[in-house]
Every structure is written in C-alpha cells, then in structure tokens.
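Novice: no FASTA, just this:
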Ligand code: B12
Ligand code: SF4
Ligand code: SF4
C-alpha cells in the first residue's frame with residue numbers, strides 16, 4: 001500500500017510527544033494529506049517508511065566487499081552512514097518516499113554495427129551520419145534540482161502544517177539506501193535487475209525522500225517480488241553485469257562505465273557498450289512491467305508508442321535522445337559547458353562524454369568517422385586520446401576485412 005492514491009488510514013501523526021514510544025495524534029488525516037500534497041506536486045508515487053535501520057544494509061556491505069562498487073569511492077567513504085537515516089537528520093522518525101517519472105521513447109536493442117547503424121527512432125537528427133544513445137533519465141534537464149525543488153515545497157507544506165517539525169530533502173546523493181526505503185514505504189519491489197518496480201508504473205522513475213522528525217504512520221512494506229521465473233533482464237544485459245539475480249556488479253554495467261568511471265574504459269569492455277553514449281536502459285526496456293506501462297498509454301494510430309505525456313511529470317527533450325558523436329568530439333570546454341551544464345550529462349564531464357563518443361564511433365566502425373577521430377588523437381586529455389586511438393584501430397581492422405567504407409570525399 002501507500003503508493004499512488006492516498007488512503008485514509010487510521011493513523012496520521014504529529015510530533016507532539018517527546019517520549020520514545022510512538023504516539024499518533026488525533027489528526028487522522030495528516031499522512032493522507034501529505035500524500036495528496038505529494039501527488040499534487042507531480043510525484044507519481046508516495047509512501048511512508050519508518051526511520052529505522054535500512055533492511056538492506058548487510059547486503060550493501062557485502063556488495064561493497066565484493067568490489068562491485070568499483071571506483072565509486074563515495075559509496076565506501078560514507079558506507080556506515082547508510083545504516084540509518086539518522087546520519088542525515090538527527091531525530092528522524094519518518095521517511096516519506098516519492099517517485100518522479102521520466103519519459104523517453106521505447107527502444108529495441110540491436111548492436112551498433114557499420115552495416116546496421118543503430119536502432120531507428122523518430123528523434124534522430126537526419127543530417128548526422130552517426131547517432132549515440134542517451135539513457136532515458138538523462139534526456140531532460142538535470143533531475144536533481146527538479147526533485148529537490150518539489151521535495152522542498154513538500155517540506156514547506158509539512159512545516160506549515162506541523163510548526164516546529166524538521167525536514168531534509170534528499171535524492172541520489174545523500175547516504176540513504178533509497179530503493180530499500182522505497183520498498184519499505186510500499187512503492188514497489190526490487191527486481192532481479194535491482195530496480196525498484198511498481199506494478200502499474202514500471203521502473204522509469206527517480207526516487208526521492210523527505211526525512212522528518214514528524215512521526216507519521218508508516219505504510220506496509222511492498223509485500224511481494226513479482227519477477228517470478230522471468231529472467232529477461234539478466235539475459236539481455238550486454239555486459240553480463242548480473243553475477244546473480246538481484247545483484248549488480250557495477251564495474252561491468254554500462255551505466256557505471258560511461259558515467260561514473262573517470263579513467264579509461266578497459267579495452268575488453270568497450271565492444272559491449274555498443275552505441276550507448278551515457279547510461280543504459282536495456283535491463284529496464286526488456287522488463288515486462290515497463291512494457292505494460294507503455295502499452296496502456298498507447299494512442300490509437302500511434303506507430304511509436306510513448307508513455308502518456310500527461311502522466312510524465314518530467315518529460316524528455318527529444319534533442320537529447322540521440323547525440324551526434326562526431327559533433328561531440330569537436331566540442332571544446334566552453335561549448336561543452338554551455339550545452340550540458342544543466343543536464344545530467346554534465347556528470348561525466350567533457351572527458352567522459354568525448355571518451356564515450358569515440359568508443360561509440362569505434363563500435364559503429366564506419367570510416368567516415370576517421371577524420372574526427374584523428375583530430376581527437378591530439379586532444380589535451382589523455383583519456384580522450386586513448387579512446388580515439390582505439391576507435392581508429394577498430395575501424396582500420398574493419399576496413400582491412402572489407403567491412404567498412406572508405407572516408408567520403410570532402411563536402412560529400
Ligand atoms: C551507485 C548507484 C548506481 C550504480 C550501481 C547500481 C546498483 N544497482 O547498485 C550504477 C552507476 C551502476 C547505477 C546505475 C543506474 N542507476 Co543508479 N544509483 C546508485 C545510487 C547512488 C546508490 C545505489 C546503491 O547503493 N547501490 C548499492 C546496492 C547494493 O544497493 P541497491 O541496488 O540499492 O540495493 C539495495 C536493495 O536492492 C536491497 N536488497 C537487494 N537485495 C536484497 C536482499 C535482501 C535480503 C534485502 C533485505 C535487501 C536487498 O538492499 C540493497 C541495499 O539497500 C542510487 C541512489 C541512492 N542513494 O540509493 C542510484 C539509483 C539506484 N539509480 C537509479 C537509476 C535511475 C539508475 C539507472 C537506471 C541509470 C541509467 N539509465 O543508466 C542505472 C540502472 C542500473 C541498474 N540495473 O541498477 C535510481 C533508481 C530508481 C529505481 N526505479 O530503482 C536511483 C535510486 C537514483 C534516484 N534517486 O532515482 N546506479
Ligand atoms: S543498465 Fe545496461 S549494462 Fe547495466 S545492468 Fe542494465 S542492461 Fe546491464
Ligand atoms: S525483466 Fe523480469 S526478472 Fe527482470 S526485473 Fe523485470 S520482471 Fe524481474
């Protein structure tokens with residue numbers, strides 16, 4: 001329970017008592033009104049979890065010990081803080097979990113080759129010869145300020161209702177095991193692909209949390225795991241990043257390799273990245289719970305089904321769905337900043353994105369990319385130079401095998 005529609009449960013709470021025993025106030029509708037307010041602010045789901053130790057903390061520790069966090073040092077550094085939300089807000093008693101949906105088109109996944117190019121989509125720039133793919137969540141403005149803005153409005157509302165209560169709005173960057181608390185708040189189950197999945201909303205949403213010292217009646221944890229015998233995500237992952245169901249080795253995940261990893265991507269992992277420039281959606285696109293979500297929103301006569309834009313509070317920008325890797329390779333620090341500073345793509349910085357663009361071009365394997373790659377071999381950044389040299393080598397190998405076209409004459 002707890003997600004979608006607010007319910008009129010018997011609880012509702014005020015932090016009127018200082019005793020350690022939870023005492024729920026006589027205001028029966030506070031929790032319901034918090035939820036109604038969250039939905040009003042554009043969140044798709046809302047639920048309340050008790051602020052106790054995270055259920056998955058031992059799992060998280062074991063995951064770190066197995067080396068699955070790779071170079072994400074911040075996860076190690078603030079590991080202990082993830083045990084309890086008290087590390088974020090002293091005296092916290094309730095964690096209001098919300099989900100904010102993002103859009104993006106439904107894609108089929110074929111490997112990018114010189115022969116096939118990549119998948120077709122209406123949003124590709126027809127003038128560009130090559131296309132590099134951006135994960136759906138990054139096809140809009142950076143979601144963090146949007147999420148914080150909405151959570152802060154929810155906080156202001158709560159503080160007006162319950163004078164003196166304290167709050168902290170967090171998403172992604174704070175030491176909170178968000179999926180764990182979302183499951184506890186009834187928002188959905190954690191799937192074999194490790195995503196938090198809701199039976200009607202699928203998994204294409206961001207999570208956020210409003211921590212408060214106001215005691216609100218918690219929702220029931222989501223009661224089941226609806227993956228059954230399905231293994232679609234495990235089979236579809238191009239890098240075999242799941243050592244076992246429900247466990248992701250981030251060091252193999254394209255999302256980690258293209259976004260979080262600052263150094264060179266290990267050569268043996270470059271091939272499987274295909275045409276992914278930033279992030280990856282494959283283990284979500286193949287999930288039947290996301291397909292159901294999309295087909296419900298399909299309009300009669302639509303050839304390319306889209307999630308219902310009326311339901312998506314964070315709509316995608318079609319200009320960011322596919323990017324031209326050649327154009328990217330030509331961007332200097334200033335125009336890179338201008339174009340991406342306010343988007344999620346800024347996270348990988350120019351170094352990461354140009355590195356990824358070179359790798360995508362190497363995977364496409366078309367000789368028309370050679371002039372841009374040769375120029376990138378003179379870039380001041382060693383990581384970009386290394387990726388460009390690798391891509392050139394790949395393309396030449398293809399040419400030697402007769403699999404790639406020679407460069408087009410200038411102006412063609
Ligand atoms: C580090 C990180 C990554 C890493 C590692 C991902 C991973 N699976 O661990 C990388 C860079 C690979 C990544 C990728 C992506 N991420 Co990310 N990521 C995070 C971050 C910052 C921390 C996650 C973390 O702690 N991982 C460590 C593992 C061990 O934790 P966990 O996966 O959450 O697992 C918990 C539960 O599964 C549970 N659990 C699992 N098994 C069991 C078993 C038992 C017995 C129990 C009790 C519990 C339990 O316990 C674990 C610990 O709490 C969170 C934000 C946050 N603060 O939580 C976003 C977050 C998880 N990411 C998010 C997104 C959107 C993505 C991508 C889809 C982006 C993209 N398109 O490229 C991909 C998805 C890849 C995937 N299949 O997970 C969203 C997920 C929303 C959702 N619906 O689930 C989050 C919540 C960010 C946000 N605020 O919206 N991410
Ligand atoms: S995001 Fe892509 S690479 Fe990462 S686990 Fe999912 S399918 Fe595999
Ligand atoms: S694809 Fe299948 S196994 Fe994977 S998360 Fe979705 S339902 Fe679960």
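Specialist: In hand now; what should we look at? Values in this document were obtained by computation on a predicted structure and should not be read as measured data. Residues are numbered from 1 along each chain as shown. Ligands and ions are numbered 1, 2, ... in the order given.
Novice: quick one, strands of the stretch 151-300 of the chain?
Specialist: 167-170, 189-190, 196-197, 205-212, 276-278 (DSSP state E, counting those that start in this stretch).
Novice: Would you map out the domains in the protein?
Specialist: The chain breaks down into these domains under automatic domain parsing: 30-104+141-212, 132-138+229-400.
Novice: wait, does the shortest one contact ligand 1?
Specialist: Looking back up the chat, that one is domain 30-104+141-212. Yes - Domain 30-104+141-212 reaches ligand 1 (Cβ under 6 Å from any ligand atom) through 54-56, 59-60, 63, 72, 171-172, 176-180, 190, 193-196, 203, 205-207. All C-beta atoms are positioned from the backbone trio N, CA, C, and that covers glycine.
Novice: Endpoints of that domain, how far apart?
Specialist: 13 Å (Cα to Cα, to the nearest Å).
Novice: from the chain's centre, how far out does the helix or strand that contains residue 371 sit?
Specialist: Per DSSP states H and E, residue 371 falls inside helix 370-376. Relative to its chain's centre, helix 370-376 lies at 31 Å (Cα atoms, centre = their mean, to the nearest Å).
Novice: Check which helices and strands that helix sits against.
Specialist: The contact analysis (3 or more Cβ pairs under 8 Å, 6 or more residues apart in numbering; DSSP states H and E) places helix 370-376 against helix 325-329, helix 349-364, helix 382-400.
Novice: Buried residues, it. List them.
Specialist: 370, 372-373, 376 (16 or more other Cβ atoms under 10 Å).
Novice: number of nearby residues for the residue in the stretch 51-200 of the chain positioned nearest to ligand 2?
Specialist: Going by Cβ to the nearest ligand atom, ligand 2 is nearest to residue 193 of the stretch 51-200 of the chain, at 6.1 Å. The local packing of residue 193 (other Cβ atoms under 10 Å) involves 23 other residues.
Novice: can I get the domains of the chain in JSON lines with mean pLDDT?
Specialist: Shown next, in JSON lines, are the domains of the chain (pLDDT from 0 to 100):
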{"stretch": "domain 30-104+141-212", "mean pLDDT": "97"}
{"stretch": "domain 132-138+229-400", "mean pLDDT": "90"}
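Novice: Residue 243 touches residue 249, doesn't it?
Specialist: Yes - if you go by Cβ atoms under 8 Å, residue 243 and residue 249 touch, sitting 5.4 Å apart.
Novice: These two: which is more packed in?
Specialist: Higher neighbour count among residue 243 and residue 249: residue 249, with 19 against 12, using other Cβ under 10 Å.
Novice: check contacts around the residue lying closest to that one once chain neighbours are set aside.
Specialist: Distance criterion Cβ to Cβ, 6 or more residues apart in numbering; nearest residue to residue 249, sequence neighbours excluded, is residue 68 at 4.7 Å. Taking Cβ atoms under 8 Å, 6 or more residues apart in numbering, we find residue 68 in contact with 247-251.
Novice: Return the residues of the stretch 101-250 of the chain in contact with ligand 3.
Specialist: Going by Cβ under 6 Å from any ligand atom, the residues of the stretch 101-250 of the chain near ligand 3 are 191-193, 227, 230-233.
Novice: Between all of the residues you listed, which two are separated the most?
Specialist: Distance extremes for these: the farthest pair is 191 and 231 at 11.0 Å, using Cβ to Cβ.
Novice: Show me which of those two is the more surrounded one.
Specialist: Just comparing residue 191 and residue 231: by other Cβ under 10 Å the higher neighbour count belongs to residue 191, 22 against 12.
Novice: Counting neighbours, what do you get for the nearest residue to the more buried one once chain neighbours are set aside?
Specialist: Distance criterion Cβ to Cβ, 6+ apart; nearest residue to residue 191, sequence neighbours excluded, is residue 197 at 4.7 Å. By other Cβ under 10 Å, 29 other residues sit near residue 197.
Novice: Quick check: closest non-adjacent residue to residue 234.
Specialist: Leaving aside its sequence neighbours, residue 234 sits nearest to residue 242 (Cβ to Cβ, 6+ apart; 5.0 Å).
Novice: who touches that neighbour in this structure?
Specialist: Counting by Cβ under 8 Å, 6+ apart, residue 242 makes contact with 192-193, 233-234, 248-249, 283.
Novice: What about these, which one has the most neighbours?
Specialist: Ranking the contacts of residue 242 using other Cβ under 10 Å puts residue 283 first, with 27 neighbours.
Novice: Give me the distance between that residue and residue 272.
Specialist: Counting by Cβ to Cβ, to the nearest Å, the gap from residue 283 to residue 272 is 13 Å.
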